[in-house]
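A.B. asks: quick one: sequence and predicted model below, then my questions.
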Amino acid sequence: MKTQIFSTAEIDQAASALAKGELVAFPTETVYGLGADALNEAAVKKVYAAKGRPSDNPLIVHVADIETVKRLVEPLSEGAQQLMATFWPGSLTMIFNLKPNVLSKTVTGGLTTAAFRFPANETTLALIKTFGHPIVGPSANTSGKPSPTTAQHVYHDLHGKIAGILDDGATKVGVESTVLDMSTSQPAILRPGAVTAAQIEAVIHTPVATEVHQVGIKETPKAPGMKYKHYAPAAQVEIVNDEDWSAALKWAKKQSSKVGVMATTGRLTDLTLPSNVEVFSLGKDVTSASHLLFAGLRHFDDEPTIHYILAEGFTPKNLGLAYMNRLKKSAGNVFFEP
Ligand code: TXA
Ligand code: MG
């Protein structure tokens, strides 16, 4: 299959590919998603095949209005409606209890709940409206690889396997949406993202659980995606704490091959870099670092001579929590130890 690149002016072409049951990757403000008609089970099955995604890992349903969610789920709580009014369109995915038999098991992974998201991207909202149905959208990467933040990343992983990619340039946020479980009595964040627990609590005035148990491969986790290896480039990633950079670069200098370094511009100008180090700048702060994290991991993944990547750690607060959640997964939780 030839994978077409659609411009933002080619919404109709992208929508007609979806209508034929084909897969079209779409931009959001977080990462690119892999779109298929959420109401066409055969199309949704292709999503799992193209990504190599385990079938028990459910998909997020993307909508362009709140009414569509209301048609599919049990009556929304006051809190849920306030959250929608505050954060939609935006980087908050919410899980609700479904009405019976409204979505296929292929979408839900056999659960009685589903995750919903109203992305903040005009092109994709126009695509969903033109198409007329909600679309499923896991991140448009090969399962286990860093999520795509450009159309080129999607092309790299999925060309030949999908009908098209709607190209709207680099995504803004760079890490995937916050996943908030609203199907239980206490709301719980299953995946941290740009919308923080404190922001959610300020709207619903109830405590939000954030300490989500990290499960093993044989357990059934709350968010099934959490048990799988994620964001992993071929090289070993090591997270470097602020105080350990000099020691980390001394160690890098002794390596016989090139070492990748992902750090902010301020840090890079403060340090003396050995000649066998290749730098990928994360910009000036945690916001730019989140925007560039996956691009950096992918950059080094294309270089087989790089066996180690040293990556800057941030305080796990606000957006830093989402950044560190992804970076720790890509590093298998390994920190550089002097
Ligand atoms: O920012 C995003 O959320 C991106 C863009 C494309 O919208 N999408 C995304 O989808 O990250 P995906 O499939 O890569 O991650 C969705 C996560 C997975 O960990 C999945 O297990 C969890 O949400 N999830 C989906 N439905 C669920 C449900 N009903 N209950 C619990 N977890 C669910
Ligand atoms: Mg994903």
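C.D. replies: Okay, I see it. Numbers count the residues shown, from 1 in each chain. Ligands and ions are numbered 1, 2, ... in the order given.
A.B. asks: any chance you could map the helices in the chain?
C.D. replies: With DSSP state H, the ranges of helices along the chain come out as 11-19, 41-51, 66-72, 78-87, 105-108, 122-131, 151-158, 197-204, 245-253, 265-270, 286-301, 319-330.
A.B. asks: how about these in JSON lines, adding mean pLDDT and distance to ligand 1?
C.D. replies: Where C-beta positions appear, they are placed from N, C-alpha and C, glycine not excepted. As requested, the helices of the chain are exported to JSON lines (pLDDT from 0 to 100; distance: least, CB to the nearest ligand atom, whole Å):
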{"stretch": "helix 11-19", "mean pLDDT": "98", "distance to ligand 1": "15"}
{"stretch": "helix 41-51", "mean pLDDT": "98", "distance to ligand 1": "9"}
{"stretch": "helix 66-72", "mean pLDDT": "98", "distance to ligand 1": "12"}
{"stretch": "helix 78-87", "mean pLDDT": "98", "distance to ligand 1": "13"}
{"stretch": "helix 105-108", "mean pLDDT": "96", "distance to ligand 1": "6"}
{"stretch": "helix 122-131", "mean pLDDT": "98", "distance to ligand 1": "9"}
{"stretch": "helix 151-158", "mean pLDDT": "98", "distance to ligand 1": "11"}
{"stretch": "helix 197-204", "mean pLDDT": "98", "distance to ligand 1": "16"}
{"stretch": "helix 245-253", "mean pLDDT": "97", "distance to ligand 1": "30"}
{"stretch": "helix 265-270", "mean pLDDT": "94", "distance to ligand 1": "26"}
{"stretch": "helix 286-301", "mean pLDDT": "97", "distance to ligand 1": "11"}
{"stretch": "helix 319-330", "mean pLDDT": "95", "distance to ligand 1": "10"}
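A.B. asks: can you lay out those helices as JSON lines showing mean neighbour count?
C.D. replies: JSON lines is the format used below for the helices of the chain (neighbours: other CB atoms under 10 Å):
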{"stretch": "helix 11-19", "mean neighbour count": "19"}
{"stretch": "helix 41-51", "mean neighbour count": "18"}
{"stretch": "helix 66-72", "mean neighbour count": "15"}
{"stretch": "helix 78-87", "mean neighbour count": "16"}
{"stretch": "helix 105-108", "mean neighbour count": "19"}
{"stretch": "helix 122-131", "mean neighbour count": "20"}
{"stretch": "helix 151-158", "mean neighbour count": "21"}
{"stretch": "helix 197-204", "mean neighbour count": "16"}
{"stretch": "helix 245-253", "mean neighbour count": "17"}
{"stretch": "helix 265-270", "mean neighbour count": "13"}
{"stretch": "helix 286-301", "mean neighbour count": "22"}
{"stretch": "helix 319-330", "mean neighbour count": "22"}
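A.B. asks: which among these is found nearest to Glu278?
C.D. replies: Smallest distance to Glu278 across the helices of the chain (CB to CB): 7.7 Å, for helix 286-301.
A.B. asks: name the helices or strands packed onto that closest one?
C.D. replies: helix 151-158, strand 259-263, strand 277-281, strand 308-312, helix 319-330 (3 or more CB pairs under 8 Å, 6 or more residues apart in numbering; DSSP states H and E).
A.B. asks: any idea which of these gets closest to Asp168?
C.D. replies: helix 151-158 (7.7 Å).
A.B. asks: tell me what that closest one is packed against?
C.D. replies: strand 24-26, strand 164-166, helix 286-301.
A.B. asks: looking at those, spot the one closest to Arg191.
C.D. replies: Among the helices and strands packed on helix 151-158, helix 286-301 comes nearest to Arg191, with 13.8 Å by CB to CB.
A.B. asks: quick one, that closest one and strand 259-263 angle?
C.D. replies: 160 degrees (axes from the mean of the first three to the mean of the last three CA atoms, to 10 degrees).
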